[in-house]
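>>> After the sequence you'll find the predicted model.
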Amino acid sequence: MLWEPLEITQGTPVMFPEEGPHAGAGVVARMREIGRHIETAQEVVTARPVLAAEADLLGEALGSVVM
């Protein structure tokens, strides 16, 4: 999940990542559009048990681990 602080994007053309003139653009490009330059990024990968609805869609058994 990507998290963009509303205090940075509120009222800008990139406030809603899937709407407006920059819809679907990557976060680095969208932040550049509002004068923010990304120098570093941190990715945190986690695993958790699959939810029942996800298990059905993925063809996995309950208790399987997903990332």
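In hand now; what should we look at? Every value quoted in this text rests on a predicted model; they were computed, and no experiment measured them. Numbers count the residues shown, from 1 in each chain.

>>> Give me the three-state assignment for the residue of the chain most remote from its centre.
Here the centre of the chain is the reference, and by Cα atoms, centre = their mean the most remote residue is Ala61, at 26.2 Å. Look at Ala61: counting by DSSP: H, G, I helix; E, B strand; the rest coil, its state is coil.

>>> What count of nearby residues applies to Leu6?
Leu6 has 9 neighbouring residues, counting by other Cβ atoms under 10 Å. (C-beta placed from N, C-alpha, C; glycine too.)

>>> Equivalent analysis for Pro5, please.
Pro5 - counted by other Cβ under 10 Å - has 7 other residues nearby.

>>> Next one: it relative to Val66, how far apart?
Noted for Pro5: a distance of 27 Å to Val66, by Cβ to Cβ, to the nearest Å.

>>> now Ala41
Ala41 is 23 Å from Val66, by Cβ to Cβ.

>>> Output the below-cut-off pLDDT ranges for this protein.
Along the chain, segments meeting pLDDT under 70 span 1-2.

>>> where do the strands sit along it?
All strands of the chain, identified by DSSP state E, fall at 48-49, 65-66.

>>> Just send those strands back as TSV, with mean neighbour count too.
As requested, these are exported to TSV (neighbours: other Cβ atoms under 10 Å):
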stretch	mean neighbour count
strand 48-49	10
strand 65-66	11
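
>>> Minimum distance to Gly24: which of these has it?
Taking Cβ to Cβ, strand 65-66 is the member of the strands of the chain nearest to Gly24, at 24.6 Å.

>>> Within its sheet, name the partner strands of the closest one and how each one runs.
strand 48-49 (antiparallel) (DSSP bridges).

>>> got the contact list for the closest residue to the residue farthest from the centre of the chain other than its chain neighbours?
Using Cβ to Cβ, 6 or more residues apart in numbering and skipping the chain neighbours, the partner closest in space to Ala61 is Ala55 (6.6 Å). Residues near Ala55 by Cβ atoms under 8 Å, 6 or more residues apart in numbering: Ala61, Leu62, Ser64.
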